[in-house]
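*Asks:* A predicted structure for the sequence below; I have some questions about it.
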Amino acid sequence: MKINFTPSKKILKTILGSSLLTTASVVAVKNSPTQIKELNDSEFEQMKAEINKKKSKLDKNNRSIFQCLSPNKYNIQCLNTLMDNNKTFYTLYPLLSQIDSINSAKFFIHELQLKKEIDEKLGINFILNSEFYNLKTQEQLDFKKSFLDYGLKNPEVGKNAYFLEILNKAKNIGEAKKMLEHIQKYGIMPSKRDDLEKEFGKNTSERMLEELAKIKDKYNLNLQNFYTSANTYNEPYKIYRSKNSLFRFDPKTGEIVTLEKENQNHNFKNKTVTTVTPRLIKQDNEAFLDSNKLLEATIEIRTFDGNSKHQYDFKRSKIKGDFEINETLPNGNKYKIGLSEYDKKKGKHIEKHLTSLDGTKTDYVYADDKKGNQYFYYRITDKDNKILYKSEKKFKVLSPKHFQSTTDGINFDILFENDRIIITKLDGSNKKIEYKIKDYTPKDYKNFNKFLTDTKRKEETKLLDKELFLGDLAAEKGLVEKYTVDKKFVNILKNLSGSEWFSLSNSNVLTLISDIKTKTAHSMGKGIQISPDEIRLSTLEHEIGHEKFNQLKLCQDENLSKIYNEEKDLFLTNLPNIVTQQAGYFMRNVMSDGLSETAAEANLIVNAPQQWENIGSRTMFLQQYFPRTIAYIANRHKELY
C-alpha cells in the first residue's frame, strides 16, 4: 500500500508487526502484508492521533465521512490502510462498522490486498456484500479465506449472486462449510440442491448431483444457471437446462439419461453419442411452421468408446419435399438408402430403405409418369422381419375425367362428371358414393369464415364435448352443402384414390377452398378447409388424415398411444434438439395435438410423397423414427374402406 506520511518507528511497528524500520525502508511497505494485532490503550490512542493527521489527505466529502466513523482497536488498523486512497476509502468505509474483532480485521486486510483481483474477477460487490465480518474464531477466518480463494479460482461461481448468499443463509459456520463443500463436490449451487430435494427427496437429488459432478469436467459444463425446463413433449423424464446444455433425469432413480450439447446427444443408457452437422438451415417466419428448417445434414452415431461409427447424410433432391440419403455402416460399407430421381419424360421415382432406432425397417417405393399414372409400395417390418404393415397401390388415368385405382387388390372406379363425382367399389358389391361439385363464391367464403371465427370465439371445445363438428354445423346453417366439393378443387381431387374417397364417406363436406389471405389448411371435423395457395395433394392427404383420426377416435386408442410414446421416447433421447425440433410438430404436448398431427402426416406418408420443401425433413424424420406408429395407424385406416 502507498504511505503518504512518515510515521514514527513505533507506529510502523504497530501497523506492520515487524522489527524497527528505517525511514528508507518505508517504500517497501507497499508490497508488505499488513499485520493486525491486539492494541493496548496507549497504542490505540497513538494510532488515533496519527490517523487524525492523515485525514488532510482525504477530499472534502471523505473528511465529512471520516468525522462520523467510530474507531475501535480493530477497525482503526483497517481504517489506516483506507486513508491512502480517496476512492477506496469512499467505497469501503461502510464495512468498518462491522469490524469488531481481530479476525474480522485480518480478513478485511486480506480482501484489501486482493482488491484488484477481486474487482477484475468477481466485482467490487463481492466485498461490499460479503457477510461474516464479525469473525470470532480462527476457524471462521480460515473458512472466509478459503471461500474467497474458491471464488477467485472459479469466477463463474464467484460471480453468481447465490454464492455470497451461502453466508447469509447458513445458520452457522459449519453449515456454510457444508454449502461450500457442496459447490466443490458438485459444481452447482446449494440452492439447486434445496430445489431438487423438495421435488425428489434427498437420496434422488443427491444421485442427480453425483451424476452431474461425474460428467461436469468431462463435458466442460457450466452448471451455475441450472434450472427446470418446460417439458414440451410430455416426456417421462425431468428436464433441466444449463446455458447451452439440456439434461434428462429419471425422476425415480436420479440417474442421468441424456445430455444434449452443441448439436450432440449423449445417451448414457445405450452409451452412444449422436452428432448432427447441419449443412443447410432455412429460417422461416411463418408462425405455424417449425422455427428452423434443417434441410441438409450429416448424422453420426458413435459409441462412447469410439470403436463403432454409423453415419448417414441427407440432402435435398430435385423432387421438392424429398431427399437423397446415404448411409455408412460401422463396417465401412456405404449404401444409398434414399433415392429421388426425376425425368421429364419418365416421371418420378422415389425409393427409401430406412431403419429406426429399435431396428424396425421401412421399405418405400413411389413412381409416377407424365400421364399421372402412379405406383405405390409400402412395407414395415420389425427387427425380427415380422411384417407390421404392407400395402400396394396403383392409380391409372383412363381419360382426363375417368380414373381407376387399386388398393391392396381392391379396385375402384372414379368418374368426374360436370356436376358430380361418382366412386364405385369394383368388388362385386358395386357400392357407389357421390359428391356434388359446386362453384362456391367469394360471398360464400366470407360467410363461412365469419361463422368459423364466431364459433371459435364461443369455445370450440364445448362443441366437441357434444360430439358436434364445425363441418356439420356449417352444413346445418346452409353455409355449405353436404357431400359437396368446391369446383376450384377438382384438379387436385383427380389424384385421390378410391380407398381415400370411401374412407371419407362419413364426412359431410370434403373440401372447401377459402379465398382468405391468410394461408390455412385444416380439418374442421366433417370437412376440410384449404386456402388456394396451399392446394397440393400432400396437404390434402394430411388433412384427410385428421378426418380419419376423428372418425376412428384414435385419440382414445391406448395401444396406439403406447407405441407412439415408445417411439417418441427413443427419438427424443437419441437425437439432439436440432433434429427433434424439426419433428416437434408431431410431439406437441397440447391435449392430443402431437398424436393427431402424427396420424395426419402418417396418412400422407402412406398415400403420397411430401410436396412441401420447407417441411420435408420433418416428414422424413417421422417416416424413419416412427415406423411402428405409422404401421398401426395405416392398419386402422383399412377399417374405413
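*Replies:* Done, it's in.

*Asks:* I'd like the average pLDDT over stretch 270-289.
*Replies:* For stretch 270-289, mean pLDDT is 75.

*Asks:* Which residues are in contact with the spatially most central residue of the chain?
*Replies:* In the chain, the residue lying closest to the centroid (C-alpha atoms, centre = their mean) is residue 577, at 6.1 Å. Taking C-beta atoms under 8 Å, 6 or more residues apart in numbering, we find residue 577 in contact with 246, 260, 263. Where C-beta positions appear, they are placed from N, C-alpha and C, glycine not excepted.

*Asks:* Secondary structure and neighbour count added to those, as JSON lines?
*Replies:* Converted to JSON lines, the contacts of residue 577 look like this (DSSP: H, G, I helix; E, B strand; the rest coil; neighbours: other C-beta atoms under 10 Å):
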{"residue": "246", "secondary structure": "strand", "neighbour count": "17"}
{"residue": "260", "secondary structure": "strand", "neighbour count": "24"}
{"residue": "263", "secondary structure": "coil", "neighbour count": "16"}
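
*Asks:* Can I get these in a markdown table including distance to residue 206 and pLDDT?
*Replies:* Shown next, in a markdown table, are these (distance: C-beta to C-beta, whole Å; pLDDT from 0 to 100):
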| residue | distance to residue 206 | pLDDT |
| --- | --- | --- |
| 246 | 21 | 96 |
| 260 | 23 | 96 |
| 263 | 31 | 95 |
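
*Asks:* rewinding a little: what's the spacing between the residue nearest to the centre of the chain and residue 584?
*Replies:* 9 Å (C-beta to C-beta, to the nearest Å).

*Asks:* Equivalent analysis for residue 621, please.
*Replies:* Residue 621 is 10 Å from residue 584, by C-beta to C-beta.

*Asks:* pretty sure residue 72 contacts residue 100?
*Replies:* Yes. Residue 72 is within contact range of residue 100, at 5.9 Å (criterion: C-beta atoms under 8 Å).

*Asks:* Could you tell me which ranges of the stretch 401-550 of the chain sit under the pLDDT cut-off?
*Replies:* 456-468, 508-510, 515-518 (pLDDT under 70).

*Asks:* residue ranges of the strands in it, please?
*Replies:* Secondary structure of the stretch 401-550 of the chain (DSSP state E, counting those that start in this stretch): strands at 402-407, 410-416, 420-425, 432-438, 484-486, 509-513, 521-523, 528-530.

*Asks:* if we compare those strands, which one ends up closest to residue 242?
*Replies:* When the strands of the stretch 401-550 of the chain are compared by C-beta to C-beta, strand 521-523 sits nearest residue 242, at 38.3 Å.

*Asks:* what's the burial count for residue 443?
*Replies:* When counting by other C-beta atoms under 10 Å, one arrives at 8 neighbours for residue 443.

*Asks:* I'd like to know how far it sits from residue 225.
*Replies:* 57 Å.

*Asks:* Please apply the same query to residue 377.
*Replies:* 51 Å.

*Asks:* if we can go back for a sec, minimum distance to residue 81: which of the strands of the stretch 401-550 of the chain has it?
*Replies:* strand 521-523 (74.1 Å).

*Asks:* Verify the stated contact: residue 145 with residue 110.
*Replies:* Yes. Using C-beta under 8 Å, residue 145 makes contact with residue 110 at a distance of 6.2 Å.

*Asks:* thinking again about what came up before, using a markdown table, lay out the strands of the stretch 401-550 of the chain together with mean neighbour count.
*Replies:* Below are the strands of the stretch 401-550 of the chain laid out as a markdown table (neighbours: other C-beta atoms under 10 Å):
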| stretch | mean neighbour count |
| --- | --- |
| strand 402-407 | 20 |
| strand 410-416 | 18 |
| strand 420-425 | 19 |
| strand 432-438 | 16 |
| strand 484-486 | 22 |
| strand 509-513 | 24 |
| strand 521-523 | 20 |
| strand 528-530 | 25 |
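
*Asks:* what's the closest of the ones you listed to residue 453?
*Replies:* Per C-beta to C-beta, nearest to residue 453 of the strands of the stretch 401-550 of the chain: strand 528-530, 12.4 Å.

*Asks:* What lies in contact with that closest one?
*Replies:* Applying C-beta under 8 Å, 6+ apart, the set of residues contacting strand 528-530 from outside is 448, 452, 489, 507, 509-514, 520-522, 539-540, 543-544, 546-547.

*Asks:* same check, this time on stretch 166-180
*Replies:* Taking C-beta under 8 Å, 6+ apart as the rule, stretch 166-180 contacts 130-132, 137, 139-140, 143, 146-147, 150, 183, 190.

*Asks:* again, but for stretch 358-368
*Replies:* 347-356, 374-383, 388, 567, 570, 608-609, 623-624, 627-628, 630.

*Asks:* can you put the contacts of residue 577 in CSV and add distance to residue 83?
*Replies:* Shown next, in CSV, are those (distance: C-beta to C-beta, whole Å):
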residue, distance to residue 83
246, 53
260, 55
263, 57
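
*Asks:* May I have the distance across stretch 429-441, first residue to last?
*Replies:* 38 Å (C-alpha to C-alpha, to the nearest Å).

*Asks:* Please apply the same query to stretch 475-491.
*Replies:* Stretch 475-491: ends 24 Å apart by C-alpha to C-alpha.

*Asks:* what comes up buried for that stretch?
*Replies:* Buried residues in stretch 475-491, counted by 16 or more other C-beta atoms under 10 Å: 475, 479-480, 482-486, 488-489.

*Asks:* Run through the strands of the stretch 151-300 of the chain in chain order.
*Replies:* Assigned by DSSP E, counting those that start in this stretch, the stretch 151-300 of the chain shows strands spanning 226-228, 238-242, 245-249, 256-261, 264-267, 272-283, 292-303.

*Asks:* So residue 252 is in contact with residue 207, correct?
*Replies:* No. Using C-beta under 8 Å, residue 252 is not in contact with residue 207; the gap is 10.1 Å.

*Asks:* between these two, which one's more packed in?
*Replies:* Ranked by neighbour count (other C-beta under 10 Å), residue 252 and residue 207 place residue 207 first, with 18 against 10.

*Asks:* What's the separation between the closest residue to that one other than its chain neighbours and residue 418?
*Replies:* Nearest non-adjacent residue to residue 207, counting by C-beta to C-beta, 6 or more residues apart in numbering: residue 254, 3.0 Å away. Between residue 254 and residue 418 the distance is 70 Å, computed by C-beta to C-beta.

*Asks:* same thing with residue 380?
*Replies:* 41 Å.

*Asks:* same check, this time on residue 305
*Replies:* 70 Å.

*Asks:* Quick one: residues contacting the residue nearest to residue 207.
*Replies:* 200, 203-208, 210-211.

*Asks:* I'd like to know which of those residues are buried.
*Replies:* For the contacts of residue 254, buried by 16+ other C-beta under 10 Å: 200, 204-208, 211.

*Asks:* Now do the same for residue 340: helix, strand or coil?
*Replies:* Following DSSP: H, G, I helix; E, B strand; the rest coil, the label given to residue 340 is strand.

*Asks:* surely it meets residue 322?
*Replies:* Yes. Contact criterion C-beta under 8 Å: residue 340 and residue 322 qualify, at 4.4 Å.

*Asks:* list the contacts for residue 544?
*Replies:* Counting by C-beta under 8 Å, 6+ apart, residue 544 has contacts 500, 503-504, 523, 528, 603.

*Asks:* Residue 272: which of the residues you listed is nearest?
*Replies:* Nearest to residue 272, judged by C-beta to C-beta, of the contacts of residue 544 is residue 603 at 32.2 Å.
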